[in-house]
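Asks: Predicted model follows, preceded by the sequence.
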Amino acid sequence: MEEHSNAFDETPQASQTSGPNLSTFDEEYAQASAPDFEELPDGKYQVTVHGVRLGESQKGDPMLKWDLVVISGPCEGRHIFKNAVITSASLPFVKGDLKMLGLTLPRFSELPQHLPGLLDKKLLVTKKTREEFANVYFNRLLDVPAAGNAGPGAGPGQGAPAPF
């Protein structure tokens, strides 16, 4: 059996001679602005659940990985990420977050098949930073009608999220 070597398995080094021709991007590169990924300030935010999946912590514990998108205010469109490690000590908090989103499970092992039902839920959350660690707390479920679905007699602005 022949063994193949991978360039990434070798000692790290930079090559100046090989690779694609990048000169076609020189002008665009000079004009481009690098995106600003500054940390979202602490505060209360109206968000929608953009994504939620099961993952694993560095210690190997299961965890829920939340991707929340701000839906109103000056930070609209920005993402807030929440990782909820699942341990015996944290299970009551995980259960509380799920209950707030309207999900009660007879058995916790059924959670994976219910994750898609959590998408697009609207929440009021609080982001608090202590030292270098940011925590995100689910405060309450928001009753925000879908765009164009504000109901009969809805006037201008009635379909927008309520201010916090």
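Replies: Thanks, I have it.
Asks: which residues are in contact with whichever strand or helix holds Glu28?
Replies: Using DSSP states H and E, the element containing Glu28 is helix 26-31. Helix 26-31 is contacted by no other residue when judged by C-beta atoms under 8 Å, 6 or more residues apart in numbering. Where C-beta positions appear, they are placed from N, C-alpha and C, glycine not excepted.
Asks: Could you rerun that using 10 Å?
Replies: 22-23 (C-beta atoms under 10 Å, 6 or more residues apart in numbering).
Asks: Output the longest helix belonging to the protein.
Replies: Counting residues, the longest helix in the chain under DSSP state H turns out to be helix 91-100.
Asks: to the chain's geometric centre, what's the distance from the helix or strand following it?
Replies: Downstream of helix 91-100, the next assigned helix or strand under DSSP H and E is helix 111-114. From the chain centre to the centre of helix 111-114 is a distance of 18 Å (C-alpha atoms, centre = their mean, to the nearest Å).
Asks: ok, back up a step: downstream of the helix holding Glu28, the next helix or strand is which one?
Replies: Note on helix 26-31: by DSSP H and E, the next helix or strand toward the C-terminus is strand 43-56.
Asks: Which strands and helices lie in contact with that following strand?
Replies: For strand 43-56, the elements it packs on are strand 62-70, strand 79-85, helix 111-114, strand 122-130, strand 133-141, judged by 3 or more C-beta pairs under 10 Å, 6 or more residues apart in numbering; DSSP states H and E.
Asks: Average pLDDT for the third one, rounded please.
Replies: So that's helix 111-114. The pLDDT scores in helix 111-114 average 96.
Asks: Going by neighbour count, list what's buried in the least confident helix or strand in the chain by mean pLDDT.
Replies: In the chain, no helix or strand scores lower on mean pLDDT, DSSP states H and E than helix 26-31, which sits at a mean of 88. Buried residues in helix 26-31, counting neighbours by 16 or more other C-beta atoms under 10 Å, are absent.
Asks: Thanks again, I'm all set now.
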